[in-house]
Each structure stands twice: as C-alpha cells, then as structure tokens.
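Visitor: Quick one: sequence plus predicted model below, questions after.
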Protein chains: 2
Amino acid sequence: MIEYKNPRFMQALLRQPVDRAPIWVMRQAGRYMPEYRAIRTKVPDFLTLCKTPELACEVTMLPIDRFGFDAAILFSDILMIPDAMQLGLKFVQNEGPTFARVITSKRDVEQLPTLDPEEDTPYIANSVQLIKKALDQKIPLIGFAGSPWTVATYMVEGKTSKQHNKIRGMVYSSPDIAHQLLSHLTTETIKYLQAQISAGVDCVMVFDTWGGVLEDNLYQEFSLQYMQQIVAALDIPVILFTKNGGRCLLQQAQTGCVGLGLDWTADLKQAKETVGDMVALQGNLDPAVLYADPTTIASKARQILDVYAGETGFIFNLGHGITPDISPEHVQVLVETVQNYV
Amino acid sequence: MIEYKNPRFMQALLRQPVDRAPIWVMRQAGRYMPEYRAIRTKVPDFLTLCKTPELACEVTMLPIDRFGFDAAILFSDILMIPDAMQLGLKFVQNEGPTFARVITSKRDVEQLPTLDPEEDTPYIANSVQLIKKALDQKIPLIGFAGSPWTVATYMVEGKTSKQHNKIRGMVYSSPDIAHQLLSHLTTETIKYLQAQISAGVDCVMVFDTWGGVLEDNLYQEFSLQYMQQIVAALDIPVILFTKNGGRCLLQQAQTGCVGLGLDWTADLKQAKETVGDMVALQGNLDPAVLYADPTTIASKARQILDVYAGETGFIFNLGHGITPDISPEHVQVLVETVQNYV
C-alpha cells in the first residue's frame, strides 16, 4: 500500500493503531463553502461541474486545503451512472434530480444500455487522476457510488421522493423487474468503481441513502445483497452506508466490507457492540449540531469521540451530508475538536 | 363504556378477548376512494373540507359504509391547531402544507395565541357529534391530533421537509425556544383533544410523523415527553404512533398509553416481545403492498395476522397512510383477508 504523509484515515479504516481519530465530512466539498459557490458559478449546472475534471479536482481540494481533513472524497454524484444511460437527468434548483425517462416496465429495464466507463464516464477516471496528483500522497482519496437500490429509486420515481411508493410498489408487484434492474445496476456500478480504482482511489464508499425505507428482509434482498456483490467484486477496502439502516448493522458487517457509515439516529456505542471487531465504524454527528454554538459543537463531538477513546477502528464523520447553510467557522470548530481530542 | 354493535376495535385496544383482529386503515377516508374525490370537488380546498362538519362526516363514513372497517377516524388534519393560530396555512397541490408565517424566534413563540376550542376550532366538536350520530353506536370513533413535535416541525420549517434541518438546528442551538414551543403546543393539543372527547370520540391517536428524525435521547426529550403529558391529561385510551420510532418502543409503552402504532419498518414479532402485555399494537402492513396482486396482498396480510393468531391486543392497520393511487378493490381484498382470517 502507498505510504501517505497522513495515514490515519486508512489506519483507522483497517483497524490499525492511530494517533487520533481521523475526520472527514460527507459533502465536505459543497455549498457551505464560499470558495465552492464561486467555482460553481463558472459552469451552467451541477452536472457540468461533476463532468469537468479540472473543476472537480479544484472543488475536491477546497476543504482539504482549508480544514485539513484526513481524507478527500471524489467530487461527483451518485447519479452519474443513470446520467450516462441517457435518461435525461437534470438537477432542478430546489427540487433535486429529475429524470425525463423513468423506468416502469421490464422493457424499460431491458432497453437500458451497457456502459463502458472509458467511453461513457471518462471524466471520472480523469478527475481521480488529477485529484491524486493534487493530493500528492498527503492523504488518501475515497471513491464512491450510489447503491444499486438507491440509484434505482431515482430511476423509478423519476425524482427525489419521500415515500418511494413507485419502487416499493414494484418490489411487491413485480419483484422480478426490480431484481433485473438492480442486477444491471450492480454490474454497471462494479465497472464504474473499478474504473475509479484503476485511476487511483484508495477505498470506496457505497451510499445507500434509501435502503432504510424497506423493511428488514426486503432491505437485505433488494439492497444489501447487491452491495455485497459490489464488495465481493472489488479488491479494495469498501465502506457501506445505509441511512436509517441501523436495524441491520450485523448483516451489513457480514458483507465483507471493512467499514460501516452510521447516520445520527444510530447509537454509536450500541453499534460498536453489535459489530465488534468485524468492521470500522464511521459517523455519526447529527449535521444539525453544526447550527449550534462552538461550545455545543465541541461537546457533542467529544461525546462521540469518547466511545472509541484510546481505540482504533473509528472515523469521525457526520451522520449525513453537511447542509449548505452551515458556517465554515463551525466546521473549523468541529475539525479542531477532533484534532485536539485526547 | 358505551356498547357497540361491533365492539372488537375497543376490545383489542384494551386487550380483551376478540372474535378476530379488528381492521382500520390510516387515511381510510381519502383520495383513493372515487366517492371521496367527488365530495372533494364541492369545496375549494382541503382545509374547507376539514372545517365543514357535514362534509367531514360524510367523508368519514365513506370507507365505513363501503369496506366495513371496525373503527372510524375523524376526518381532519394534524395541522388544525397551527391553522387556528392564524399562521397562514395553505395546502398547495402536490407540495403539501405551507405556512405564510414561520416560527424562528422566542418572540414568535411568545406571540402564538392561546386557543379556545369552542371559539377557534368549533368544527371539530361539530364534526364529531355528527359522525357519532351517523355511526349510531355501530363502531367506535377515533379522534386524533399531531404530536407537538410533529406539528412544530411544520411550524418551524414552514412546509413539508425531508431533513427538518431548521427545527433540528433549533433543538441544538436554542433548545429553550424549542421546549417553549412544544410546551405551548402540548397545552393546546390537550384542550383540542379534550374537546373531541367531550363531543364523543372513544379513543384518540397522536400522530408523530417526524419523531423518528431525532436520535433516541432527543426523541424522548423533545417528542415523547410531550406525548406522555398528553396521555396523562386525558381520561380516555390513547394510541401513540411515531413513524420510524421502532427504536424506542419500550419507552413509548411506558407512557401510559394503551396502544402503539407501528410503521412497516418495525418487526411486529420483535415489537410484541418488547412491549409484552403493556400495550396493544396496531399496524403495520407496508401500504405499498396494496400495489401488488390480490394473492400477494392476502399473503402479506396473513403474515402479520399470524403474529397475534389466537391472541388479543392487536389491531390490523397499514404502517402509514394509504396512498391516493391504490385501487379500492385491493382495499376490499385486504379487509376480507382480515375478516376471514382464522
């Protein structure tokens, strides 16, 4: 393995001794940073930013340079695969992603193209290479993809949804179509992540934002099963993160992944007891804590750090992505709290 | 207690012997019924329907007459209290509720009016009286309110929200303002439910749609505590329902309520073991099952009924409100499955 000037993220992920818990933050390169908003104005839309390697690299580096996080994460989106499938993805202001074409039938699934990462998502490998160069072996780079289930929810609903009635209906009324779609997405996701790995990412994270809307048995059948296939296909450490997935932590830990992300509704202490020495845990400060005053932020962060005090196997993070209206000064307080925790 | 021609809902709720599990369905008087949609066109908006006792009564009775549910529930909305507080509530098509005035400061909370149910929400008692007359002691009538936390989320966010960042931020940055708002809403909710009780409802249900977005300790402090105050203030059986609240079932059961609603992500068998003989359970078929074919619907319903086979203390329901695009024929299949289960 490559030697990093700051190796503590990979050390903690592999449960090797660390000097302190590493920290990074989901959506750390995002709208809460004025530097990000300035770069964002250079392109007409969010997807163009994701597809322009020089800018994606620049954005990825912003929070590393400003806050000194212990890991970088590729600037991209979980919907790059369906975007490459030409389903008419657009990001509408204040409404999130929308698709012009939605998947409703077996025929729709069968007509989905097979992608070639070099042809169809070349900007991903190009971004990774640029970022790796910019990082200069200072810290590792995390690659990522959406889980097949979560990506499928957007493709079937056609937009952001609270209830996900269409895809949950499909699970009960046409489970074969749902499985066919998920299998196809799994194959594509593996190729997509392998392209990131070939280009140089050091580990990957799979974001399962919507696995928690399924009851436990269906979560395992329609989401976790496919994430397990991804873990098995990759020869690099994988972190799985299912929002509202705290009910199935043991099953997640048994997939062969090396780390599990936790949202803020999971009890970190209980989760640690559940997974034991099987995997590292990553999380799980409520992002809304960052609205509070510095004393509260530091105190809440230390409560989390206390759970793994003196032990490895823990990566500090938020329980969900940082929101756009957070003050960067509050992020600074958080980072310094973790850096100075003893 | 009044004698009902069909007493099994109250019997099951009080864990007395029953001939079979009772069934009702959240949002049973709703858009999935063509008869409802016809009545809805008679008024300009949803709130007017809620505030017109004759129509609210007519709508409440529709699913009773068509499907033979074992309980009726008052047709109304969880936002009638903030509506009566003149905060400019509107229901925008496809967007849900929006408020013209949102609560952001201590001053906003202090300026909230104290309501008089007779003056400010007279349509509630009037509706209850009309419905009781229409039901003619055939089945009991459930009254309801939103939980203080859930109602507060709408008042602080100003609209339907997925993340509830504003109120979660308030919990961390200004917990005293949050508590002041929740205390005020609790007082108002108690009066509002007492008015329903005086008018004749047989039990009440408190809907905590958004308590599950809080981590467990904060859920208990900012949501469950106030629901417990409501339970303590009422001399009638109370059912509590926290969506995504499966992590704190024992604490919910310890409030003194007689029943707990479960969403579809809760494992009914585990929940039964957790609460033992403390409370009845109500739930928890995934509403999306109703998109499937009749055989699947019947099979999934029977899996739930099997958990309490031969025992009382269980009320069949969905794990969340029925969605508008469900076929009434599928509801018929569900009701008959429960009615014929042996």
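Guide: Cool, got the structure. Numbers count the residues shown, from 1 in each chain, chains lettered A, B, ... in the order given.

Visitor: what's the span of stretch A:317-337 from first residue to last?
Guide: This stretch, stretch A:317-337, spans 12 Å end to end (Cα to Cα, to the nearest Å).

Visitor: Show me which positions of it end up buried.
Guide: A:317-323, A:326, A:328, A:330-331, A:333-337 (16 or more other Cβ atoms under 10 Å in any protein chain shown). All C-beta atoms are positioned from the backbone trio N, CA, C, and that covers glycine.

Visitor: Please apply the same query to stretch A:32-52.
Guide: Quick answer for stretch A:32-52 (16+ other Cβ under 10 Å): A:32-33, A:35-36, A:39-40, A:47, A:49-52.

Visitor: any chance of the residues you listed in a markdown table, plus secondary structure and pLDDT?
Guide: Shown next, in a markdown table, are these (DSSP: H, G, I helix; E, B strand; the rest coil; pLDDT from 0 to 100):
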| residue | secondary structure | pLDDT |
| --- | --- | --- |
| A:Tyr32 | coil | 98 |
| A:Met33 | coil | 98 |
| A:Glu35 | helix | 97 |
| A:Tyr36 | helix | 98 |
| A:Ile39 | helix | 97 |
| A:Arg40 | helix | 96 |
| A:Leu47 | helix | 96 |
| A:Leu49 | helix | 97 |
| A:Cys50 | helix | 97 |
| A:Lys51 | coil | 98 |
| A:Thr52 | coil | 98 |
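
Visitor: The residues you listed into JSON lines, with extra columns for distance to A:Tyr219?
Guide: JSON lines is the format used below for these (distance: Cβ to Cβ, whole Å):
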{"residue": "A:Tyr32", "distance to A:Tyr219": "31"}
{"residue": "A:Met33", "distance to A:Tyr219": "34"}
{"residue": "A:Glu35", "distance to A:Tyr219": "38"}
{"residue": "A:Tyr36", "distance to A:Tyr219": "33"}
{"residue": "A:Ile39", "distance to A:Tyr219": "37"}
{"residue": "A:Arg40", "distance to A:Tyr219": "35"}
{"residue": "A:Leu47", "distance to A:Tyr219": "29"}
{"residue": "A:Leu49", "distance to A:Tyr219": "32"}
{"residue": "A:Cys50", "distance to A:Tyr219": "28"}
{"residue": "A:Lys51", "distance to A:Tyr219": "32"}
{"residue": "A:Thr52", "distance to A:Tyr219": "36"}
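
Visitor: wait, which of those residues is closest to A:Pro97?
Guide: Set against A:Pro97, the nearest of those by Cβ to Cβ is A:Leu47 (9.3 Å).

Visitor: so the closest one makes contact with A:Asp83?
Guide: Yes. Because the distance of 6.5 Å satisfies Cβ atoms under 8 Å, A:Leu47 is recorded as touching A:Asp83.

Visitor: intersection of neighbour lists for these two?
Guide: Shared contacts of A:Leu47 and A:Asp83, defined by Cβ atoms under 8 Å, 6 or more residues apart in numbering or on different chains, comprise A:77, A:89.

Visitor: just to revisit the earlier point, just name the closest of the buried residues of stretch A:32-52 to B:Ile78, please.
Guide: When the buried residues of stretch A:32-52 are compared against B:Ile78 (criterion: Cβ to Cβ), the nearest one is A:Tyr32, at 32.4 Å.

Visitor: And the longest helix along chain A, what's buried?
Guide: Longest helix in chain A, counting residues (DSSP state H): helix A:175-199. Along helix A:175-199, these residues count as buried under the neighbour rule (16+ other Cβ under 10 Å): A:177-179, A:181-182, A:184-197, A:199.

Visitor: where does A:Met205 fall, helix, sheet strand or coil?
Guide: strand (DSSP: H, G, I helix; E, B strand; the rest coil).

Visitor: tell me the contacts of it?
Guide: A:73, A:142-144, A:238-241, A:261.

Visitor: swap in A:Leu218?
Guide: Residues in contact with A:Leu218 (Cβ under 8 Å, 6+ apart) are A:Val171.

Visitor: would it count as being in a helix?
Guide: Yes. A:Leu218: assigned to a helix according to three-state DSSP.

Visitor: What separation is there between it and A:His179?
Guide: A:Leu218 sits 12 Å away from A:His179, going by Cβ to Cβ, to the nearest Å.

Visitor: Need the overlap of contacts for the two.
Guide: With Cβ under 8 Å, 6+ apart as the test, A:Leu218 and A:His179 reach no residue in common.

Visitor: show me where the stretch 201-342 of chain A has strands.
Guide: A:203-208, A:238-242, A:259-261, A:280-285, A:314-318 (DSSP state E, counting those that start in this stretch).

Visitor: Tell me who's in contact with the residue positioned nearest the centre of chain A.
Guide: For chain A, the residue nearest the mean C-alpha position is A:Phe207 (4.2 Å; Cα atoms, centre = their mean). Applying Cβ under 8 Å, 6+ apart to A:Phe207 gives the contacts A:78, A:144-147, A:150, A:241.
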